[in-house]
Structure formats: C-alpha cells, structure tokens
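**Student:** starting from these lines, generate the structure:
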Amino acid sequence: MTEPTYPTLRMYIDGAWCEGGDGRTAPVVNPANEKTLGEVPLATAADLDRALAASVTGFEAWSATPVAERTAILHEAADRLTARADRVGRLMSTEQGKPFREARGEALRVANTLRWDADDARRAYGRVIPSAPGTLLSVRREPIGPVAAFTPWNFPAGSPMRKIAAALSAGCSIVIKASEETPGTACEIVRCFDEAGLPAGALNLVFGEPAEVSAHLIAAPQTRLVAFTGSIPVGKLLAAAAGQAMKPSLMELGGHAPVIVCADADPVAAAKRAAAAKFANAGQVCTSPSRFLVHASLVEAFTEAFTEAAEEVVIGDGLAEGVTMGPLANDRRLAAMEELVADAVGRGAKVRCGGFRLDRPGYFFAPTVLTGVPDEARIMSEEPFGPVAPITSFTDLDDALRTANALPYGLAAYGFTESAATAERLVRGLEAGILSINHCGGSVHEAPSGGVKSSGYGREGGPEGLDAYLVTKRVSHLLEA
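**Tutor:** Next up is the predicted model:
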C-alpha cells in the first residue's frame, strides 16, 4: 500500500483553517522511516485567545441549537468519517506507525463513538420532584460551557474523538489541542465536522508547545472544563492548574495493567489472548496488559505460548501487506524500551525473545518477553508503554492480588480463570476502573472507561461519559407570586 499524500496542516479556529500567528512550525516524522512528512503550525497566545473567544460564541450558538438538529449534524460528521475511513487509516498509519488494519478500525470505531454520544445526549434527562403546592421543583442538566481538551499521540483518532464527541453531544463548545506528532488525523476528523455544518466556534483545533498551550487555556476565564488523556505526571500538573482555577477536570491517565492467570485457567488460550493485546499498537496503549502474574503450575506453558505468539508478530511499516506490528511512535519510546530491558537483565531477568532495536531505519523494537523479572526491576513499577512483557509467577492468589494492587495505578486489569467463584474474587480484589475476565478487551463506546488511584478520575463512554460535560441545576419555581 502506497503512502498517502500528506496534507498541508492547519489549525481550525472559529470555523476557518489557519496558520499560526508567527509562522512557527514543528516537523511531523514518519516513525517507520524517520523522514519528515510535513510541518505542523504552532499557536501563539493570540491564536489561543482567538480560539477561546470563538468557543464562547460557538457555545452560545451550539447550546441553543435544538438537540434534534445537533444530533443530525453529529451523525452527518460520523457518516463522513466512516466514508473516508480508508484515507484516515492510511494517514494515521503513516504518522503514528500502527498497522493500517488497526488504524482503519480506529477510524470506524470513533465514528460509532460519535453516534453513540449524539444519541445518548437525547437521554440527558432532568426530573420533576414532588414538592409543596404552588411550587415546581425540578432538576435540569445543561452543558457546562467551553471545554479545553488535550490528547496524546497513541490513538490519533480515538483520543480526540472521545473529547469532541462528548463535548459537542452535551451542547458544549471545545478547544482541543491534539498531538503535534499526529496532527493529520485530527485535522481529518475536524474536517468532517466542518463539512457537516457545525457552527463556527463550536469546535476549535490548535497545536503548539504543550506547556504553553495548557497553561494558557486552563487559566483562561472562558474555559469551564479541562479534559485530558495522557501520562500521570502531566495529568497531575494539569489537574493542579485546573484546581487552582477552581475548574472541574476529567483525567484519563496511565496505568500498568496486571494480568493474573489463575491455576485453573487454560494457559495457552490465556497467552494467545494476552499477547494479541500486548502487541497491539506496539504496546502503546494505556490499558495494555503489562505485568503478567502466572500461577507457578502454568508459568512455563504460558511463557512458551506467549513467546511463540511474540515471535509470530510481523514487524514493519504499517502500510505494508501482512504487517501486524508497526514501529514505536517516536525515538523516546525506543530509548525507554532499551533502558527497561537493560535494567531488568542487569537485575537477573532472562530474555526469552526480542530485547533489541531492529537494525533498520524507523523506530522498530522487537516484541520482547522477559522471565524471572525481580520486583525491584523498573519495568515492574514503571509503565513500559511498548512491546515488552515481563512474566513472573505466584502460588497464592491473595499474594498475586496484593502484587497487582501494590502500585499507585488503577486503570485496567485482567484475569483468567474457569471458575465463577475465582472470577468474583478477581472482580472484588483488583483495584482498577476497567476489568476484563478471560480476555483483554479494549474500551467500548457503550460502557464507561476510566481509572482509580493515580490513573485519574471521571469516565468516558457509556451513559456516564457525558456527566463531566453537564451541569446539574436545581430549579425551584414558585408558581403563585
């Protein structure tokens, strides 16, 4: 499959595509060959102020639009995205690295996210409360106002759309800073809304120096909600800034998802399902299974099957036929993998397969399986966010649960067992906002996703996904003056 023509990148402010005010740009690099694809414009403070002002007028127009009309526009945008899923998939694969099949699937999936949120907004019901004669007591749910959102590079369509879909469906306007490393996909998504007839100012897309943009947008009086997906350290900084300004925030942060394979599980089936999830998007998924705790009676069978699955992964350019894992998204992740593997091996871990950068252009790292990894190894406490799988064993399930819960993270967790009673022990015992039993399923638009502990707060998806974007207003109306 040929690489698509990379688009000329622009920001989108107040219904118009524009360059940055001072002409500053940053290069966008293809991680499969390290070549520059194009230049992304970087916003100035004046650009951000224009976006903020537009979000106010956009909110006034969009929130006043009848919900049926809003829903129709959002469905039109979703249909346009579905129709161009192939193009968006090729573009995403080129700038982020994931295989085309994964990228195209992401584009189709987020179109359905938009449809779900648009329809669910029609069920954002209030209520009338029985009260004294002559008094009407009610509860209304209204859009909170302009939203400032910040999203990462690992899901160039998924992360921005979860913010955009929820905000617009609730009747809010939004200024979103998508990743400067994967800007083309974000531009394609915004173009679908523009063509669908979204009012000017309801959706604004900017790029820029992350610290500068976040500080400016969060502190601005126009911003009523801060929504972020990304790392825990950055999330804490943004949450603190939002708290200083007394603004609510929605934080979907990192994790270090444990996988517990119990004594009664099928080790081969568990290994195959876990490996498929581990190497999806080259392991660059916040819910990726990343610590494998396997009962001692199964650990060798599990490791053999997992290693076999890892060795079957086809590595290459995401647009090439048959590739099942692309490069890491940037050189920072490549260096991190090398450091984590070296640290684990230096502390006594064994490399069953992989453990090295591929000798070719691009940020390719071999799918890696580590065994005998001691607890003090960095990879046991630091989220790898890459294709490295540390496997350890346990003999007592309570000990495994304590190990799984020992870290400050609590985004996702996974368990494998053929016992309903043991499954319930896992459900009750694992500290995570997302839990899958006998598979490693990802997020779905019809159910909530989010973390506990340092992995964040608030939920995206499902009926709960609009909560952060709505204000609950109590109204007491005296009917007789």
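**Student:** got a list of what the most centrally placed residue in the chain touches?
**Tutor:** Centroid-nearest residue in the chain, with C-alpha atoms, centre = their mean: S159, separated by 4.4 Å. With contacts defined as C-beta atoms under 8 Å, 6 or more residues apart in numbering, the neighbours of S159 are T151, P152, A178, T229. Glycine gets a C-beta too; all of them are placed from N, C-alpha and C.
**Student:** ok, and the closest non-adjacent residue to it?
**Tutor:** Spatially, and ignoring its direct neighbours in sequence, S159 is nearest to T151 (3.9 Å; C-beta to C-beta, 6 or more residues apart in numbering).
**Student:** before we move on, what about E252?
**Tutor:** Closest to E252 by C-beta to C-beta, 6+ apart is T229, at 4.5 Å.
**Student:** tell me the pLDDT at E480?
**Tutor:** Note on E480: pLDDT of 79.
**Student:** and D86, backbone torsions?
**Tutor:** Backbone torsions of D86, given as degrees, to the nearest 10, read phi -60, psi -50.
**Student:** could you check how far it is from P448?
**Tutor:** 30 Å (C-beta to C-beta, to the nearest Å).
**Student:** can you pull the buried residues of whatever helix or strand E188 lives in?
**Tutor:** Element membership for E188, per DSSP states H and E: helix 183-196. Buried residues in helix 183-196, counted by 16 or more other C-beta atoms under 10 Å: 183-194, 196.
**Student:** which stretches of this structure form helices?
**Tutor:** With helices called from DSSP state H, the chain shows them at 45-63, 67-83, 85-96, 100-120, 158-170, 183-196, 210-219, 232-244, 267-278, 299-311, 331-346, 397-405, 420-429.
**Student:** most neighbours per residue, which of those helices?
**Tutor:** The highest average neighbour count among the helices of the chain, using mean count of other C-beta atoms under 10 Å, belongs to helix 158-170 at a mean of 28.
**Student:** angle of that helix against helix 183-196?
**Tutor:** 20 degrees (axes from the mean of the first three to the mean of the last three C-alpha atoms, to 10 degrees).
**Student:** now do stretch 419-431: distance to the chain's middle.
**Tutor:** In this view, stretch 419-431 has its centroid 26 Å away from the chain centroid, taken as C-alpha atoms, centre = their mean, to the nearest Å.
**Student:** my error: substitute stretch 449-465 in the last question.
**Tutor:** For stretch 449-465, the distance to the chain centre is 11 Å (C-alpha atoms, centre = their mean).
**Student:** so which of the contacts of S159 is surrounded by the most neighbours?
**Tutor:** A178 (29 neighbours; other C-beta atoms under 10 Å).
**Student:** picking up where we left off before, out of the helices of the chain, flag the one nearest F385.
**Tutor:** Nearest to F385, of all the helices of the chain, is helix 331-346, at 6.5 Å by C-beta to C-beta.
**Student:** same for that closest one, what does it pack against?
**Tutor:** Applying 3 or more C-beta pairs under 8 Å, 6 or more residues apart in numbering; DSSP states H and E, one finds that helix 331-346 contacts strand 368-371, strand 388-394.
**Student:** tell me the mean pLDDT for the first one?
**Tutor:** Read it as strand 368-371. On average, strand 368-371 scores 98.
**Student:** what do you get for the last one?
**Tutor:** Along strand 388-394, the predicted local confidence has a mean pLDDT of 98.
**Student:** quick check: chain neighbours aside, which residue is closest to M92?
**Tutor:** Spatial nearest neighbour of M92, excluding adjacent residues (C-beta to C-beta, 6+ apart): A103 at 4.0 Å.
**Student:** quick check: the gap between A412 and N112.
**Tutor:** Taken as C-beta to C-beta, the span from A412 to N112 is 21 Å.
**Student:** no wait, A132
**Tutor:** In terms of C-beta to C-beta, A132 sits 46 Å off from N112.
**Student:** ok so, going back, so how far is L237 from the residue nearest to the centre of the chain?
**Tutor:** For S159, the distance to L237 equals 18 Å [C-beta to C-beta].
**Student:** same question for G451.
**Tutor:** Separation of G451 from L237 (C-beta to C-beta): 17 Å.
**Student:** I'd like to know which elements the helix holding E188 is packed against.
**Tutor:** Applying 3+ C-beta pairs under 8 Å, 6+ apart, one finds that helix 183-196 contacts strand 11-13, strand 35-41, helix 67-83, helix 85-96, helix 158-170, strand 203-206.
**Student:** what's the closest of the ones you listed to R24?
**Tutor:** Closest to R24 of the helices and strands packed on helix 183-196 is strand 35-41 (C-beta to C-beta; 7.2 Å).
**Student:** show residues contacting that closest one.
**Tutor:** With C-beta under 8 Å, 6+ apart as the criterion, strand 35-41 contacts 6-11, 18-20, 23-30, 94-95, 180, 183-184, 207.
**Student:** buried ones in it?
**Tutor:** Buried residues in strand 35-41 (16+ other C-beta under 10 Å): L37, G38, V40, P41.
**Student:** could you check the angle helix 183-196 makes with it?
**Tutor:** Going by the same axes, to 10 degrees, strand 35-41 makes 50 degrees with helix 183-196.
**Student:** what sits against the closest residue in space to P361 that isn't next to it in sequence?
**Tutor:** Using C-beta to C-beta, 6+ apart and skipping residues adjacent in sequence, the residue nearest P361 is N33, 5.1 Å away. For N33, the contact set (C-beta under 8 Å, 6+ apart) comprises D317, P361, G362.
**Student:** list the contacts for the nearest residue to D79 once chain neighbours are set aside?
**Tutor:** Excluding its sequence neighbours, the residue lying closest to D79 (C-beta to C-beta, 6+ apart) is A111, at 7.6 Å. Applying C-beta under 8 Å, 6+ apart to A111 gives the contacts A78, D79, L81, T82, A85.
**Student:** mind running it again at 6 Å?
**Tutor:** Residues counted as contacts of A111 (C-beta atoms under 6 Å, 6 or more residues apart in numbering) are A78, L81, T82.
**Student:** before we move on, the earlier item: in strands, which of the contacts of S159 fall?
**Tutor:** Under the assignment DSSP state E, the contacts of S159 contribute T229 to strands.
**Student:** and which of the contacts of S159 is nearest E382?
**Tutor:** So of the contacts of S159, ranked by how close each gets to E382 (C-beta to C-beta), first place is P152, at 17.2 Å.
**Student:** phi, psi for the closest residue to that closest one other than its chain neighbours please.
**Tutor:** In this structure, P152 finds its nearest non-sequential neighbour in G230, 4.8 Å apart by C-beta to C-beta, 6+ apart. Backbone torsions for G230, taken as degrees, to the nearest 10, come to phi 170, psi -160.
**Student:** and the closest residue to D343 other than its chain neighbours, how far is that from A336?
**Tutor:** Distance criterion C-beta to C-beta, 6+ apart; nearest residue to D343, sequence neighbours excluded, is R378 at 4.7 Å. According to C-beta to C-beta, R378 and A336 sit 10 Å apart.
**Student:** one more: F306?
**Tutor:** 21 Å.
**Student:** ok, now E188?
**Tutor:** 29 Å.
**Student:** just A118 next, same as before
**Tutor:** 38 Å.
**Student:** and D264, by the same measure?
**Tutor:** 36 Å.
**Student:** would you map out the domains in this protein?
**Tutor:** Annotated domains of the chain cover 11-253+454-475, 257-444 [automatic domain parsing].
**Student:** between these, which one is closest to M1.
**Tutor:** Of all the domains of the chain, domain 257-444 comes closest under C-beta to C-beta, at 4.3 Å.
**Student:** what's around the residue lying closest to A51 once chain neighbours are set aside, how many residues?
**Tutor:** When the adjacent residues along the chain are set aside, A51 lies closest to N204, with 4.2 Å between them (C-beta to C-beta, 6+ apart). Neighbour count of N204, defined by other C-beta under 10 Å: 28.
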